[in-house]
Structure formats: structure tokens, C-alpha cells
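J.: structural data only, the sequence is not supplied:
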């Protein structure tokens, strides 16, 4: 279980997160989306215990990740910038992290099986500093296979991976969910991320603006124009709202014309988020 209860966070006199309340049940995945700078990565760092909330509480697996080492041992993660030791080989990195999380030396056969699964058997003897970004990300996927995390935080985990690597990661995340892990993910790779998500949470300006099912998010559009608010929906900007529609862009435009509502633009929500970022 991952819980954020009225969490706010400020740094350098700037409020980054405001009253965030979010719960992720075991075996479920929540995908965080929003423009760059909206606070998504900060929310993940709070869950990892790298930051302390200014107010509110963060609970992971029933403990405080900021103050409890035992709680942090139950957490798995992949960050946009990795935490590998560049002076150790791929094998040595996995051995180090296995001992860190499990408190004992790993069986060499087990490490070999992990290296084979992530496609790094032939590169296991090379130092991680010689790895490409995609290889380093594969090694981090291997790190998730060393133990049984109860909570997992993923910040742009598909970045740097080829299609095979993305499929590998998606399969590992599904396994973690099936084993009861609660997962929080930030990703712009909608094709893969939505296939893993049970819920999508839109964060704008440090606040939770809306919750969607993956299907709703796939059919969410930002409609802009002087009369946009007459359409209802979720307010996204001064002259724009978010609407859920299976009719697509053309269908929304035609529906608005029939109602005499003037529009300036209609685009998928994910595209609008990328443009804002």
C-alpha cells in the first residue's frame, strides 16, 4: 500500500505540491501524468523517502519511508537517472544490490538467470560505466528481480529502452503487480504505460486535477475556445476544458458546431500535456 495524505512540499520558498491525497492498493498501478514541473517526480521522491513532506504524511507498506530503513528495504524503483555503480561490472552491481536488500550473498546461478532474462549475459563482465543507456536500464530492471518489493516507484522507466526492453519491463511490472506490489509510475510512453495502469491521475500545478480510468484517459481531449466552459467537463486552462469522448476530434468538433459553440482547438489530452511540458 502506498498512501499520500494531504501531502504538501515546498523548496526554496516555492510550493511544489499542494494537499496531495492519493492511495495505491496492493496489486494496482497508478500512472501520474501532467506537464513538466507539475510535481510528479517530487511525489515519487517523497514515496522513496528521498524528501520529507512539508506537511501531511506519506506511508509506504505501513511505514514512513523517510525515517524507516526497514520500510525502504520493501521498496523497488527505477529513476530517470540510474543509481548503478559505474566502477562495478553488471554482475557485481546485481550482487551488491542483492546483498543490500536480502542481507546475504546471492547464488551465482540466480544472478546468471537474472542477467539472462534482461539480456545482459554477454555483457555481465563489463563495467556499468561502459554500458549504453538502454543496457543500464536493463540492469535496473534486473535489480527489481532480486527481491520481492511491496511498493514500486517508476520515473520514466521506458526511457532509453528499445522495443524489446520496453516489453521486458512491462512484463516485469505485471509480475510485480500480480505478486501484490503497489506501483506508482510516471511515463510519457502512453502505449506501454496505459497497458499497465489501473488508474491515471492528472497533476497540474502541484495539485491533483482529475482521476481517469485508462480507457477514459485514452478518450480524453482538451477543447479550447471562448465558449469551451459551456461544454462542462474539467477546467484545464483559462479557455479550455477536458472532455471524455469516444467520437474523437472530428466528432467533438461537429458536436460543438451543432450547438453553436466556437472552438479554437481540440487535441488529445496526452498531446496537450506534452505541449504544456
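T.: Looks like it arrived, so ask away. Bear in mind the structure is a predicted one, so any value in this text is a computation, not a measurement. Residues are numbered from 1 along each chain as shown.
J.: end-to-end on stretch 180-199?
T.: Its start and end residues considered, stretch 180-199 measures 16 Å (CA to CA, to the nearest Å).
J.: all strands of the stretch 51-200 of the chain, in order?
T.: Here the stretch 51-200 of the chain has its strands, by DSSP state E, counting those that start in this stretch, at 55-60, 75-78, 151-155, 182-186, 199-204.
J.: buried ones in the first one, by neighbour count?
T.: The neighbour-count check on strand 55-60 (16 or more other CB atoms under 10 Å) flags 56, 58-60 as buried. From N, CA and C alone the C-beta is placed, and that goes for glycine too.
J.: so which of those would you say is closest to residue 45?
T.: Set against residue 45, the nearest of those by CB to CB is residue 58 (10.2 Å).
J.: which ones are touching the closest residue to the closest one other than its chain neighbours?
T.: Nearest non-adjacent residue to residue 58, counting by CB to CB, 6 or more residues apart in numbering: residue 46, 5.2 Å away. Contact analysis of residue 46 by CB atoms under 8 Å, 6 or more residues apart in numbering lists 4, 7, 9, 17, 52-53, 58, 65-66.
J.: related to what we said a few turns ago, would you mind giving the buried residues of strand 55-60 as a markdown table with pLDDT added?
T.: Below are these laid out as a markdown table (pLDDT from 0 to 100):
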| residue | pLDDT |
| --- | --- |
| 56 | 97 |
| 58 | 98 |
| 59 | 97 |
| 60 | 97 |
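J.: now render the residues you listed as a markdown table, adding distance to residue 123.
T.: Converted to a markdown table, these look like this (distance: CB to CB, whole Å):
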| residue | distance to residue 123 |
| --- | --- |
| 56 | 43 |
| 58 | 37 |
| 59 | 39 |
| 60 | 33 |
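J.: give the buried residues for the lowest-mean-pLDDT helix or strand in the chain.
T.: Least confident helix or strand of the chain, by mean pLDDT, DSSP states H and E, is helix 248-258 with a mean of 83. By neighbour count on 16+ other CB under 10 Å, the buried set for helix 248-258 is 252-253, 256.
J.: so residue 133 makes contact with residue 160?
T.: Yes: with contact defined as CB atoms under 8 Å, residue 133 reaches residue 160; the gap is 3.8 Å.
J.: so for residue 51, what pLDDT did the model give?
T.: If you check residue 51, the pLDDT there is 97.
J.: and the gap between residue 141 and residue 69?
T.: As judged by CB to CB, to the nearest Å, residue 141 and residue 69 stand 24 Å apart.
J.: correction: residue 107
T.: To residue 69, residue 107 is 25 Å away according to CB to CB.
J.: before we move on, the earlier item: helices and strands around the helix or strand following the least confident helix or strand of the chain, which ones?
T.: Per DSSP states H and E, the first helix or strand lying C-terminal to helix 248-258 is strand 265-268. Secondary-structure packing of strand 265-268 (3 or more CB pairs under 8 Å, 6 or more residues apart in numbering; DSSP states H and E): strand 220-224, helix 248-258.
J.: noted, bye for now.
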